[in-house]
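Chemist: next comes the sequence, and after it the predicted model I'd like to discuss.
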Amino acid sequence: MTLALQPILEKGIVDHSIVHRALLEYMCIANKSSVTDIIQQLSGSLLVRMIHTRDGSKVGALCIIHSGAKERKKIVKGMKGHVVKIAHDEYGCVILMCVLNFVDDTSLVSKFIFRELEKDLKELALDKYGRRPLLHLLCPNVPRYFSADVLETLRSTISSLTTCTQDGPPQSADDEPSESQKASSETDIRGLKRDEKDEENPEESEGLGKISKKDFSTRRIELLTKSGFAQKLTEMCMQNVGELLRSQYGKDIIFEVANGGAGDIMWQVAADSLTALHRAIADVGALPQLNNEEGSQNEEHIFVQYHSSRTVRKLILESHVPDGVNAPSFAAILWDVVLKGKCKMWAQGHSEKVVSAFLDCSDLEMKNMASSELQPLIDAGLLKIASAKHV
């Protein structure tokens, strides 16, 4: 198989999916030296031509995970001029997530990846696949945003190269993994069962070596602060509040930014901008509701439109301010600007769920304040209490 693949790589014939599948199979069965040679040959612009397919993306992920700093630098530089296109691709976006996971040189990533992404932030946020690298930076490895196949790709390894103690990718910032994810984690990149010894003694198994020197939380902070990416992401959200909230895909970006991200990382690096974003959302909520006979979702009030009403409700339910930050919560800002003394007019339809969310708000002070106005509406049968789990 080596004799068959080497001429293909030397000639750069790597655009076809059958070649990607052959390389993936080969990397999973070849010895250490052969796999190392493949990774070195693919590092650079050659790899960029492969990551548009499922198998090619998995090959790319394996190359990033198992390569050294020199090879990773070549891979990142090879993406120059193609980053936005890669981000919009169903499989290419996984490679950018992999870069965020494992490349320690955050200056390099900021220069070659983020510099291109920041020019197209709005379009990325509104795109089904383009938003993934942004979500991964804000809230890494969360099952509600990423499929089990994507998460398994980020955790994939090559058995012949697993010779040291593993310092694997960051764990999900969300709840415990689902049963399907637990099952998928028992298979390698091709779906083959891992060695039972490795499963029984993960600490004693032959890991893949220290994949990255830096902790992922440290890299996230550096990536968000270098080149001011956190500030630019927040400003983009402020400039497009209504459109993002009403979008099927953009709503997740503005929610994670406004909520602070996993570990409240946005509160750490851009607290003032976060408060400004909360006020921008409240200002849009304060706009009068229009009678839209045509039923255009672009004109519907954010308390009424399907996606935006649920997003605002989630922001109220999870509203909080981390210790050490002197700022009002999102719920407090929204209440003062929009709902205080006006709850009765919003106690119907989708907006009813927004109003009732204050009764389950994480901000206890705001919850108690709102209850005094909402309880009479409940007693009069004008406001129904929605389940806190129903978003």
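Modeler: Nice, I can see it.
Chemist: tell me how far Lys119 lies from Ile113.
Modeler: According to CB to CB, to the nearest Å, Lys119 and Ile113 sit 12 Å apart. The C-beta positions use only the backbone N, C-alpha and C, and glycine is treated the same way.
Chemist: distance of Thr225 from Lys232?
Modeler: 11 Å.
Chemist: shaky segments in the stretch 251-391 of the chain?
Modeler: Where the stretch 251-391 of the chain drops to pLDDT under 70, the residues are 291-298, 386-391.
Chemist: that one: strands as residue ranges?
Modeler: In the stretch 251-391 of the chain, no segments count as strands under DSSP state E, counting those that start in this stretch.
Chemist: which residues in it form helices?
Modeler: 265-285, 306-317, 330-334, 343-346, 349-356, 364-379 (DSSP state H, counting those that start in this stretch).
Chemist: can you list those in TSV and add mean neighbour count and distance to Phe216?
Modeler: Shown next, in TSV, are those (neighbours: other CB atoms under 10 Å; distance: least, CB to CB, whole Å):
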stretch	mean neighbour count	distance to Phe216
helix 265-285	20	11
helix 306-317	23	25
helix 330-334	25	26
helix 343-346	18	41
helix 349-356	22	34
helix 364-379	15	32
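Chemist: my guess is Cys63 contacts Ile75, does it?
Modeler: Yes. Cys63 lies in contact with Ile75 (CB atoms under 8 Å); the separation is 6.7 Å.
Chemist: tell me, how many residues neighbour the closest residue to Lys128 other than its chain neighbours?
Modeler: Closest residue in space to Lys128, ignoring its immediate chain neighbours: Tyr249 at 5.4 Å, by CB to CB, 6 or more residues apart in numbering. For Tyr249, the neighbour count with other CB atoms under 10 Å is 18.
Chemist: check contacts around Tyr249.
Modeler: By CB atoms under 8 Å, 6 or more residues apart in numbering, the contact set of Tyr249 is 125-128, 131.
Chemist: apply 6 Å and report the result again.
Modeler: Contacts for Tyr249 (CB atoms under 6 Å, 6 or more residues apart in numbering) come out as 126, 128, 131.
Chemist: now the residues you listed in CSV, with neighbour count and pLDDT?
Modeler: Below are those laid out as CSV (neighbours: other CB atoms under 10 Å; pLDDT from 0 to 100):
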residue, neighbour count, pLDDT
Leu126, 18, 98
Lys128, 11, 97
Arg131, 26, 98
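Chemist: what is the nearest of those to Ile18?
Modeler: Lys128 (26.8 Å; CB to CB).
Chemist: what kind of secondary structure is the closest one in?
Modeler: With DSSP: H, G, I helix; E, B strand; the rest coil as the basis, Lys128 sits in coil.
Chemist: look up how far Val48 lies from it.
Modeler: From Lys128 to Val48 the distance is 21 Å (CB to CB).
Chemist: can you check His136 too?
Modeler: Distance from His136 to Val48, by CB to CB: 19 Å.
Chemist: what of Thr106?
Modeler: 21 Å.
Chemist: Lys384 too?
Modeler: 53 Å.
Chemist: what does Ile95 give?
Modeler: Ile95 is 9 Å from Val48, by CB to CB.
Chemist: the more surrounded of those two?
Modeler: More neighbours surround Ile95 than the other of Ile95 and Val48, with 29 against 23 (other CB under 10 Å).
Chemist: surely the more buried one touches Leu62?
Modeler: No. Look at Ile95 against Leu62 with CB atoms under 6 Å: they stay out of range, at 10.8 Å.
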